[in-house]
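Asker: how does the following fold in three dimensions:
(chains A and B)
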There are 2 protein chains.
Amino acid sequence: MSVQVTVICMLRPLEVPFRYLFGPGPSNVPPRVLAAGGRGIIGHLHPEMYEIMNDIKKGIQYAFQTQNNMTIAMSGSGHAAMECAVFNTVELGESVLVAVNGIWGERVAEIAERMGANVHIMVKAPGGVFSNGEIEKALAKHKPVLFFLTHGESSAGLAHPVDGIGDLCRKHNTLFLVDTVASLGASPIFMDQQNIDILYTGSQKALNAPPGTAPISFNERACQKMFNRKTKPVSYLFDMAHLSNYWGNDGQPARLYHHTGPVSGFFSLRESLAILAEKGLEESWRHHKEVAGYLWKGLEDMGLKLFIQNKDLRLPSVTTIAIPEGYNWREMLQYIMKHHNMEMTGGLGPSTGMVSVRGMLKF
Amino acid sequence: MSVQVTVICMLRPLEVPFRYLFGPGPSNVPPRVLAAGGRGIIGHLHPEMYEIMNDIKKGIQYAFQTQNNMTIAMSGSGHAAMECAVFNTVELGESVLVAVNGIWGERVAEIAERMGANVHIMVKAPGGVFSNGEIEKALAKHKPVLFFLTHGESSAGLAHPVDGIGDLCRKHNTLFLVDTVASLGASPIFMDQQNIDILYTGSQKALNAPPGTAPISFNERACQKMFNRKTKPVSYLFDMAHLSNYWGNDGQPARLYHHTGPVSGFFSLRESLAILAEKGLEESWRHHKEVAGYLWKGLEDMGLKLFIQNKDLRLPSVTTIAIPEGYNWREMLQYIMKHHNMEMTGGLGPSTGMVSVRGMLKF
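Answerer: Residues are numbered from 1 along each chain as shown, chains lettered A, B, ... in the order given. You can find the predicted model right below:
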């Protein structure tokens, strides 16, 4: 046999333009974090790598405000953390309740359905807020093993209140799963004090690392459920029994080979968590709030209306603007990208076409 | 609520020692590939990112020697590609046949079992070779929808012959899935000419990119099966219907948001595929063979015995050495790591304790 398929395009050099990433997706990565990710790699099972993973675990515990031992970074984006949370804590046929007020609830409902859970959804229009009363009623009715809520609903620009919901979930013997991909580091969250059982985020938003890793933490209640299953989770790659060992959380003397973690991604994640630790969570929250307030005022002074009217419910990391009538949002965004190298984006999922542009401002 | 969990260890700088990575795991990454991975990032849905992904697709087609349109890189390591292949092509209760002669077959069998396939295994001792006759007999008996074989069995140092098996699989209406994580770029493989239906590899071996991305390709037969399923694949993240759109393979005018790809990982993967394209596949195979031959001779001149006795069956990228009697392989490997900064490793899975050290030599 002989080589027949050829390739020409790969002889061009890699071209990467500069962009101001003001969309809800990945953020610009500071030079310090890029440099960490560009360091020569070591083996995923070297003792020095374990030290780096131990540091990452501590950095996540700080960012999440949790003492949970079962704290790791997924080798994947936020969706890997979503699937990990659902696959490990839910078994076939068990009841799951999902609050849908934007794209993320839709995603979790789909993930839970695929693995054979009995999925119930509570639906609000994008940006809608669920009251604790509504949530308790649904918990009582559906008796779910897991309740999902998005803290930072980036597709609507909402920071959903979380207080009190963890207590309701305990009362109804339900695990409380919260998505903070778009909010962590920008908007306060206290995993332990707010009785959140499972919390996850992504590396590429307010943490300012490249996409590809996703911090996740499980408390004792969640561990009780997931480590006393009757069946194995459907995914070997996302099985917390293995991931727990890989991260040195299971008390075993040796870490066994499970999969090869993204070594460079862990370097950059560690650096981004170090920057957060140096700056301090309160300062990070304060700065995001200050910058968001400045942006909101500027937008309103221009006569634009923000999509979330109650200031206290706005996500400081992602600002959503209602589309002024008579304007084509796609054309506007293309103009801004072309002439100012600035990324802003339209809505996602249920908010497509409803919300025009967003700005995620960082410092 | 107030910040209570603190972090001290993160105020130390990141420490990464230099290591010669001569184990079967990640390889040392050349400066050019590290530099590509350290470039400032852009959005995962920017037109320039699509160009980079198009280039990656062409680079994979060249490396795999395939014209398959359904060629992508997974946002994850080789295990993500493994789960993607099985989850998409197999439905609940369908028969799967797995050739187990080392750790990788064991893994695929476990993945297929978890998703509810009816798994049959053919077992040989580590490094054992399955004859085409044995394979045909098992295909006829179990009538699997999918047959798995490892081309580069790194846990034993074996390059398993592939010729003729694709034809047997066609005859028995079975998809032929081949793992080339440890062999791609080092040992010849011709996806189209060898009638391989699904092929995958990892970024971190002979491609010399950091771990975290995994090229995979499906031919028309595999697409026919996976896009005519009765049920959705159990994983949303690994659903090829979505991944195909994200990679621009489904003929749709727009790529929709599915998950956030590892932007930096794609930069470095593109660079590593570019290096392979510049050098040429034949030259890469020749060079690996030459270096491996030199290593084998040196080891044998020292009186060491290689685990795979037939030279033609040895994997050029991973050399396995039988443990001389009376030596403790753990102590030897620790000594080499400590005094020479060189990583070599013991066996994996069924070959644990049987094989002492390996060297993956690169250029």
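Asker: what does the average pLDDT come to for the longest helix along chain A?
Answerer: If you go by DSSP state H, chain A has its longest helix at helix A:281-301. Helix A:281-301 carries an average pLDDT of 95.
Asker: buried ones in that helix?
Answerer: By neighbour count on 16 or more other Cβ atoms under 10 Å in any protein chain shown, the buried set for helix A:281-301 is A:281, A:284-285, A:287-288, A:291-292, A:295-296, A:299. Where you see a C-beta, it was placed from the backbone N, CA and C, and this is true even at glycine.
Asker: please see if that helix touches chain B.
Answerer: Yes. Using Cβ under 8 Å from any Cβ of the partner chain, helix A:281-301 reaches chain B at A:281-282.
Asker: surely A:Lys124 meets A:Gly105?
Answerer: No. Under the criterion of Cβ atoms under 8 Å, A:Lys124 is not in contact with A:Gly105, lying 9.2 Å apart.
Asker: intersection of neighbour lists for those two?
Answerer: The contact sets of A:Lys124 and A:Gly105 overlap at A:Ala99 (Cβ atoms under 8 Å, 6 or more residues apart in numbering or on different chains).
Asker: so between the two, which is more surrounded?
Answerer: Shown here are A:Lys124 and A:Gly105; by other Cβ atoms under 10 Å in any protein chain shown, A:Gly105 has more neighbours (24 against 17).
Asker: do I have it right that the more buried one meets A:Ile111?
Answerer: No. If you go by Cβ under 8 Å, A:Gly105 and A:Ile111 don't touch, sitting 10.8 Å apart.
Asker: sec struct for A:Gly261, please.
Answerer: Counting by DSSP: H, G, I helix; E, B strand; the rest coil, the backbone at A:Gly261 sits in coil.
Asker: correct me, but it touches A:Ser75?
Answerer: Yes. In this structure, A:Gly261 is within contact of A:Ser75 by Cβ under 8 Å, at 4.9 Å.
Asker: so what sits against both of these two?
Answerer: Contact with both A:Gly261 and A:Ser75 is made by residues B:Ser77, according to Cβ under 8 Å, 6+ apart.
Asker: who's more crowded, those two?
Answerer: It is A:Ser75, of A:Gly261 and A:Ser75, that has more neighbours when counted by other Cβ under 10 Å, with 30 against 24.
Asker: the more buried one and B:Leu306, how far apart?
Answerer: Separation of A:Ser75 from B:Leu306 (Cβ to Cβ, to the nearest Å) stands at 33 Å.
Asker: about what we covered before: of the buried residues of helix A:281-301, closest to chain B?
Answerer: A:Leu281 (5.4 Å; Cβ to the nearest Cβ).
Asker: show me the contacts for the residue nearest to that closest one when sequence neighbours are not counted.
Answerer: The shortest distance from A:Leu281 to any residue other than its chain neighbours is 5.4 Å, reached at B:Val3 (Cβ to Cβ, 6 or more residues apart in numbering or on different chains). Listed by Cβ under 8 Å, 6+ apart, the contact set of B:Val3 reads A:65, A:280-282.
Asker: give me the number of residues near the closest residue to chain B within chain A?
Answerer: Among all residues of chain A, A:Gly38 sits closest to chain B, at 2.8 Å; criterion: Cβ to the nearest Cβ. Using other Cβ under 10 Å, A:Gly38 is surrounded by 23 other residues.
Asker: tell me how far the nearest residue to it once chain neighbours are set aside lies from A:Leu34.
Answerer: Using Cβ to Cβ, 6+ apart and skipping residues adjacent in sequence, the residue nearest A:Gly38 is B:Gly38, 2.8 Å away. Separation of B:Gly38 from A:Leu34 (Cβ to Cβ): 5 Å.
Asker: and the residue nearest to A:Leu281, that one's in a strand?
Answerer: No. According to three-state DSSP, the state of B:Val3 is coil, so it is not within a strand.
Asker: which residues does A:Pro210 contact?
Answerer: Contacts for A:Pro210 (Cβ under 8 Å, 6+ apart) come out as A:26, A:29, A:33-34, A:37, A:203-204, A:265, A:268, B:41, B:262-265.
Asker: which of the residues you listed lies closest to A:Met226?
Answerer: Taking Cβ to Cβ as the measure, A:Met226 lies nearest A:Ser203 of the contacts of A:Pro210, at 23.1 Å.
Asker: helix, strand, or coil at the closest one?
Answerer: Under three-state DSSP, A:Ser203 comes out as coil.
Asker: count the neighbours of it for me.
Answerer: A:Ser203 - counted by other Cβ under 10 Å - has 32 other residues nearby.
Asker: so it touches A:Ile216, yeah?
Answerer: No. Look at A:Ser203 against A:Ile216 with Cβ under 8 Å: they stay out of range, at 11.5 Å.
Asker: tell me how far A:Lys143 lies from A:Asn118.
Answerer: From A:Lys143 to A:Asn118 the distance is 10 Å (Cβ to Cβ).
Asker: A:Val145 too?
Answerer: Counting by Cβ to Cβ - A:Val145 and A:Asn118 are separated by 10 Å.
Asker: overlap in contacts, these two.
Answerer: A:94-96.
Asker: most neighbours among these, which one is it?
Answerer: A:Val96 (27 neighbours).
Asker: does chain B sit close to the helix or strand encompassing that residue?
Answerer: Assessed by DSSP states H and E, A:Val96 sits inside strand A:95-100. No. Counting by Cβ under 8 Å from any Cβ, chain B is not contacted by strand A:95-100; separation bottoms out at 13.4 Å.
Asker: helices or strands next to that strand in the packing?
Answerer: On a contact count with 3 or more Cβ pairs under 8 Å, 6 or more residues apart in numbering or on different chains; DSSP states H and E, strand A:95-100 meets helix A:103-114, strand A:118-123, helix A:132-142, strand A:146-150.
Asker: would you map the strands across chain A?
Answerer: With strands called from DSSP state E, chain A shows them at A:20-21, A:70-74, A:95-100, A:118-123, A:146-150, A:152-153, A:158-159, A:175-179, A:198-200, A:214-218, A:319-322, A:342-343, A:355-359.
Asker: give the partner strands of the fifth one in its sheet and their orientations.
Answerer: Using DSSP bridges, the strands paired with strand A:146-150 in its sheet are strand A:95-100 (parallel), strand A:175-179 (parallel).
Asker: redo these as CSV? Include mean pLDDT.
Answerer: Below are those laid out as CSV (pLDDT from 0 to 100):
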stretch, mean pLDDT
strand A:95-100, 98
strand A:175-179, 98
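Asker: reformat these as a markdown table; add distance to A:Asp163.
Answerer: Putting the strands paired with strand A:146-150 into a markdown table (distance: least, Cβ to Cβ, whole Å) gives the following:
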| stretch | distance to A:Asp163 |
| --- | --- |
| strand A:95-100 | 15 |
| strand A:175-179 | 12 |
